[in-house]
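# sequence first, then the predicted structure:
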Amino acid sequence: MGLCGAGLVLIAIVPHSYALMLGCLFVYSLGQHLYLPLSSSIGMELAREGAPGRRLGQLNSARNFATILGSFGVLVAFHFLHCTFSIAFIVAAVVFYICSGNSC
């Protein structure tokens, strides 16, 4: 998750150049694609014997709730707080860092 946060910070601070933005987006995407296959495996390891489907359903429902909550946060930030894109990406990077358990 450290690569995701690094990619988000780079997107926030890199000058407005399409080529540089693609490089920053690649760093973010690399972090996401390293984590995505692991999330289901971790969920199945946390499941009780004979109930991995239930645990995966619980994790997916938590993921969906977090997506809805995050979308509402973005709406509030941009509509009511007049947030800029740079601030939004920095906040997202901080949240990624906190949620990753501070491990890089």
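On my side now, so go ahead. Quantities reported herein were computed from a predicted structural model and do not represent experimental measurements.
# need the residues that contact whichever strand or helix holds I90.
I90 belongs to helix 85-99 when assigned by DSSP states H and E. With contact meaning C-beta atoms under 8 Å, 6 or more residues apart in numbering, helix 85-99 is reached by 1-2, 4-6, 8-9, 11-13, 74, 77-78. In short, each C-beta sits where N, CA and C put it, glycine included.
# and the furthest pair within those?
G2 and F78 (26.3 Å; C-beta to C-beta).
# got any ranges where the protein has weak pLDDT?
1, 102-104 (pLDDT under 70).
# can you give me the helices in it?
2-13, 18-46, 52-79, 85-99 (DSSP state H).
# so which bits of the shortest one are buried?
Read it as helix 2-13. Buried positions in helix 2-13, judged by neighbour count with 16 or more other C-beta atoms under 10 Å: L3, C4, G5, A6, G7, L8, V9, L10, I11, A12.
# dump the residue contacts of the residue nearest to the second one when sequence neighbours are not counted.
Take C4 and drop its neighbours on the chain: the residue closest to it by C-beta to C-beta, 6 or more residues apart in numbering is G31, 3.6 Å away. Shown here is G31, whose contacts under the criterion C-beta under 8 Å, 6+ apart are M1, G2, L3, C4, G5, A6, G7.
# before we move on, back to that, out of the helices of the chain, which is the most enclosed?
helix 2-13 (a mean of 20; mean count of other C-beta atoms under 10 Å).
# so which elements touch that helix?
helix 18-46, helix 85-99 (3 or more C-beta pairs under 8 Å, 6 or more residues apart in numbering; DSSP states H and E).
# the first one to helix 85-99, inter-axis angle?
Interaxial angle, helix 18-46 versus helix 85-99 (axes from the mean of the first three to the mean of the last three C-alpha atoms, to 10 degrees): 30 degrees.
# start the count at 6 instead of 1 going forward.
Okay, using 6 as the starting number, the last item reads as helix 23-51.
# any idea of the angle helix 23-51 forms with helix 57-84?
Using the same axes, to 10 degrees, helix 23-51 lies at 150 degrees relative to helix 57-84.
# got it, and the last one?
Between helix 90-104 and helix 57-84, the angle formed by their directions is 150 degrees, by the same axes, to 10 degrees.
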